[in-house]
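Trainee: generate coordinates for the sequence data below:
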Amino acid sequence: MRLSLLLLLAACLLPAQQDRYQRLMRGLLIFDAHIDTPRYFLDEGYRLAGEHDYYELDLPRMKKGQLGAVFFGIYAQPQDYPPQSWLPRALEVLDALRREVDANRGQIEFATTAADVERIHASGRRAALASLEGGHLIAGSFGVLRMFHQLGVRYMTLAHFATNDFADSMTGDPVHNGLSPRGRDLVREMNRLGMLVDVSHISDKAVLDAVDESRAPVIASHSSVKAIAPIVRNMPDEVIRAIASKGGVVCINFHAGYLDEAAYKVYYANRAERDREIQQVLSRHGNGPERWELVRGIQKKYFARMPKTDYRLLLRHVDHAARLAGAAHVGLGSDFDGISGMVPEGMEDVSRYPVLVKGLIELGYSDADIRNIMGLNLVRVMRQAEEVAAKP
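Mentor: Presented below is the predicted three-dimensional model:
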């Protein structure tokens, strides 16, 4: 099925479009705003160098898909870890990312600025960047935030799956009616540091508050479109427009359940049962290496129950956001390696990004718009955040 979808799309391109595609791919920077692989480095000994037939990112597949830059997610889900573990867990995952990048320095380099991304991409290597997924990870301390910035973290999601002291979560209890006063202070401090403010996961009102407070453009690092899939984690049109109104970028999530409401309903109905099975496997197998393969088997079993989606639905989300807000305000935030293998057909891993380039050509996007959507919009907002930080 995967091959047939790729062949089908290739066949749709006229000879002139094929030539255009080949020219466009030469030097194209593909930049994904959110991939969650680092926890596997720490927990499973997963390594970037070898090509794997599970999970969604490694260096060989990055090369095949021409993925030039990635914001890697550093997180400890608030519902999975006690509060005292949030900060040490985040530091351990960040350390695992830095060590893995250093072990493969001939192919990938850690980046902290827009100029770094451009330089590393021009050298033919991949740029690795770090982000924090959830304000709970800084333990309520702006000093800890500043230390994470010194360690190379360049964006932070204000909240994750639970409301925290800074912001209401989309999936948590509303406490602040958006951002708290402390959350507004946090946005200002992130502006001062040059860290991008990430508004994925937070409530619609909190997004609007963040846009209002921030002097730099904000990003939604991995959020899809509510007008197509009306689920809690997706963004309504008015919020997408608000982000774009101040130069921000909405990066579309590839999670099959976020792309299609029917798929989400099945996923949500089965999630508690799936998670119980996973916990039972982990408790029975202790530290045995086989436990992770068993976990992946459970995830595949439940994914198979969901209605099928494919890359064309993903393109619908990209196209809707671009037509609504402008192609200068849309990007990619796959959430690969954080979506339990629930990927659309034709976009199974990072080797598949060229499918989106072909799809955007078919949809009539200009070369400039395709370059922006595939990566340059993220470089732009990084540079703008750096410029805001440089102002007195």
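
Trainee: need the residues that contact the longest helix anywhere in the chain.
Mentor: As assigned by DSSP state H, the longest helix anywhere in the chain is helix 261-285. Residues from elsewhere that reach helix 261-285, judged by C-beta atoms under 8 Å, 6 or more residues apart in numbering: 229-231, 256-258, 291, 294-295, 298-299, 302, 305-309, 342. No exception for glycine: its C-beta is placed from N, CA and C like everyone else's.

Trainee: among those residues, which are located in helices?
Mentor: Judged by DSSP H, the contacts of helix 261-285 include 256, 257, 258, 291, 294, 295, 298, 299, 302 as members of helices.

Trainee: what is the neighbour count of the closest residue to the fourth one other than its chain neighbours?
Mentor: In space, and not counting its chain neighbours, residue 291 is closest to residue 285: 3.8 Å by C-beta to C-beta, 6 or more residues apart in numbering. Residues lying near residue 285 (other C-beta atoms under 10 Å) number 14.

Trainee: go ahead and build a PyMOL selection from the buried members of the contacts of helix 261-285.
Mentor: PyMOL command restricting these to the buried ones, with burial defined by 16 or more other C-beta atoms under 10 Å:
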select buried, resi 229+231+256+257+258+291+294+295+298+299+302+306+309+342
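
Trainee: now stretch 84-100: average pLDDT?
Mentor: Averaging pLDDT along stretch 84-100 gives 98.

Trainee: what does that stretch contact?
Mentor: Contacts for stretch 84-100 (C-beta under 8 Å, 6+ apart): 38-39, 41-42, 47-48, 72, 74-76, 78, 81, 110, 128, 130, 132, 134, 136-139, 144, 148, 151-153.

Trainee: go with 7 Å
Mentor: Around stretch 84-100, the neighbours that count as contacts under C-beta atoms under 7 Å, 6 or more residues apart in numbering are 38-39, 41-42, 48, 72, 74, 76, 81, 110, 128, 130, 132, 136-137, 139, 144, 151.

Trainee: quick one, which of the residues you listed are buried?
Mentor: Among the contacts of stretch 84-100, the ones that count as buried by 16+ other C-beta under 10 Å are 38-39, 41-42, 48, 72, 74, 76, 110, 128, 130, 132, 136-137, 139.

Trainee: do me a favour and average the pLDDT over stretch 143-157.
Mentor: 98.

Trainee: helix or strand: which one has residue 96?
Mentor: helix 83-103 (DSSP states H and E).

Trainee: let me fix that: residue 370
Mentor: helix 367-371.
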